[in-house]
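Colleague: I would like the atomic coordinates for the input below:
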Amino acid sequence: MLKPTLRILVVDDYLNMRRLVRNMLRQIGLRESEEAADGPAALDLLRRQSYDAIISDWNMEPMSGLQLLQAVRKEPHLAQIPFIMVTGTPDAATRAREIGADGGLVKPLSAGALKEALERAVARR
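Modeller: As a prediction, the model looks like this:
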């Protein structure tokens, strides 16, 4: 069961996807979420505020979700934050887990799949 006070950072370069994910988070009872439109903005927020999990798109500019994941894992105070990668294919979701993501979700997303991925990712950390 997820604590309703979990703070989630949603990172995607498409506004509609950020809004969709945040709406799904509210559907599963999580009210504390913020958005970043790209990897550099996400890193800035992560360095200034505390988050319990990150949900990031794989395919973004100017920094991909993979590059964001690598940057997060390199910083000691960020490295333990659960990280879920959202991808377009099952192969990319598997690759995301192999390179250090705590979970991988394939579009189109569902609130149920998002909840399950968050529960697993938070339990690992």
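
Colleague: ok, and what's touching stretch 118-125?
Modeller: The contact list for stretch 118-125 (CB atoms under 8 Å, 6 or more residues apart in numbering) reads 1-2, 6, 8, 28, 30, 52-53, 55, 80-84, 102-103. For the C-beta atoms, the positions are set from N, CA and C on the backbone; glycine is no exception.

Colleague: ok, now with 10 Å
Modeller: Around stretch 118-125, the neighbours that count as contacts under CB atoms under 10 Å, 6 or more residues apart in numbering are 1-3, 6, 8, 25, 28, 30, 52-55, 79-84, 101-103, 105.

Colleague: In CSV, list the C-alpha atoms belonging to that stretch.
Modeller: Extracted C-alpha coordinates of stretch 118-125, given in CSV (Å, rounded to 0.1, in the frame of the first residue of the first chain):
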residue,chain,number,x,y,z
LEU,A,118,5.3,2.4,-7.7
GLU,A,119,4.5,-0.2,-5.0
ARG,A,120,7.3,-2.4,-6.3
ALA,A,121,9.8,0.4,-6.7
VAL,A,122,9.2,1.9,-3.3
ALA,A,123,9.4,-1.5,-1.6
ARG,A,124,12.8,-2.1,-3.2
ARG,A,125,14.3,1.1,-1.8
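
Colleague: Check the offset of the helix or strand bottoming out on mean pLDDT in the chain from the chain's centre.
Modeller: Every helix and strand of the chain was ranked by mean pLDDT, DSSP states H and E. The lowest is helix 90-98, at a mean of 91. In terms of CA atoms, centre = their mean, to the nearest Å, the centre of helix 90-98 is set 14 Å apart from its chain centre.

Colleague: which residue is nearest the centroid of this structure?
Modeller: What sits nearest the mean C-alpha location of the chain, by CA atoms, centre = their mean, is residue 55, with 1.0 Å.

Colleague: element containing that one, please.
Modeller: strand 53-57 (DSSP states H and E).

Colleague: same thing with residue 16?
Modeller: Residue 16 is located in helix 15-27, with elements delineated by DSSP H and E.
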